[in-house]
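K.L.:
test case, fold it:
(4 chains)
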2 protein chains.
Amino acid sequence: MKARRDVFQAIADPTRREILGLLAAETLTLNKIAENFHISQPAVSKHIKILTECGLVEITQQGRERYCEARLDQLNEVTGWVEQSRKLWNHRFEKLDNYLIDLQNKNQNDGTK
Amino acid sequence: MKARRDVFQAIADPTRREILGLLAAETLTLNKIAENFHISQPAVSKHIKILTECGLVEITQQGRERYCEARLDQLNEVTGWVEQSRKLWNHRFEKLDNYLIDLQNKNQNDGTK
DNA sequence: ACCTTGCATAACCGTTTGGTTATATATAAC
DNA sequence: GTTATATATAACCAAACGGTTATGCAAGGT
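P.N.:
Take a look at the predicted model:
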């Protein structure tokens, strides 16, 4: 489990998405998170580590408990990429449009000749 | 490389995101895509396979060429999840708010007593 | 007919992933 | 001081990932 701190990779795992869903609603300790899943405590620990490494979760230690808080503004990286791709996609016919307009003009010229 | 056909996992890989970026702008054949990367043709083939399996790319065979077209509406699954999580996140203080309001009312009652 | 092109597929490989159990450590409770 | 709790860490594992090379094969070009 190397430090990749990549938001896209962090949310690729369904368990981590669920964890973020829980934490979006309320800040929880690690054990409270683990109660919602059928995986061991170390497994949750690792998921939280990955989420903190890419800034999606922030931890506040309080005694022996660690409160995990979601920081969903980091998801901007994702929505930003999606939006940019969608923008390209919506404009993808422009080239074709220009080509068709050129073709039409050409035909009109041929017709008037 | 098993069939997971999961959009989140598909866009987790940076190369696949770049491929989608290219295809968002224009439909390309597999070889044309490969020209933009320093990886082998089979590697691109595999990426395209994953992207088609989750509906992010559609292929139209034309002779021996296969045109790859982006289908970015499938990214709704991603933006949908993000939006839902953000909604939860924005409302996460409501519980706390209610608690504080209750507390305030209680204090007022105590004060007037 | 033969060669070339555009791809898919198979076999393989090192690394990463997501999980486990066992163990350590620091704080809290008794 | 002893015990219980909350979590981290290490060692390990099977499976998946992302890549490779080698090969096959159908469609086009000559």
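K.L.:
show me where chain A has strands.
P.N.:
Using DSSP state E, the strands of chain A run over residues A:28-29, A:57-62, A:65-70.
K.L.:
what is the first one packed up against?
P.N.:
The criterion is 3 or more Cβ pairs under 8 Å, 6 or more residues apart in numbering or on different chains; DSSP states H and E, and the helices and strands that strand A:28-29 contacts are strand A:65-70. All C-beta spots, glycine's among them, are computed from the backbone N, C-alpha and C.
K.L.:
and the strand it packs on with DNA strand C, contact?
P.N.:
No. In this structure, strand A:65-70 remains apart from DNA strand C according to Cβ under 7 Å from any atom of the strand; the gap is never smaller than 7.8 Å.
K.L.:
and the most centrally placed residue in chain A, what does it touch?
P.N.:
Centroid-nearest residue in chain A: A:Val78, 3.7 Å away (criterion: Cα atoms, centre = their mean). Shown here is A:Val78, whose contacts under the criterion Cβ atoms under 8 Å, 6 or more residues apart in numbering or on different chains are A:Val7, A:Phe8, A:Ile11, B:Val78, B:Val82.
K.L.:
what number of residues lie near the first one?
P.N.:
For A:Val7, the number of neighbouring residues by other Cβ atoms under 10 Å in any protein chain shown comes to 18.
K.L.:
is it in contact with A:Leu75, as I believe?
P.N.:
Yes. Taking Cβ atoms under 8 Å as the contact criterion, A:Val7 and A:Leu75 are neighbours in contact, 6.9 Å apart.
K.L.:
gap between the one residue in chain A that gets nearest to DNA strand C and B:Arg17?
P.N.:
Using Cβ to the nearest atom of the strand, the single residue of chain A nearest to DNA strand C is A:Gly63, 2.6 Å away. According to Cβ to Cβ, to the nearest Å, A:Gly63 stands 42 Å off from B:Arg17.
K.L.:
of these two, who's got more company?
P.N.:
The neighbour count for A:Gly63 versus B:Arg17, taken as other Cβ under 10 Å, is higher for B:Arg17 (15 against 5).
K.L.:
alongside chain B, which residues does chain A contribute?
P.N.:
For chain A, the residues in contact with chain B (Cβ under 8 Å from any Cβ of the partner chain) are A:6, A:8-9, A:11-12, A:14, A:17, A:20-21, A:24-27, A:70, A:72, A:75, A:78-79, A:81-82, A:84-86, A:88-89, A:92, A:95.
K.L.:
what about stretch A:15-27, near DNA strand D?
P.N.:
No. Residues of stretch A:15-27 are not located near DNA strand D by Cβ under 7 Å from any atom of the strand, the shortest gap being 10.9 Å.
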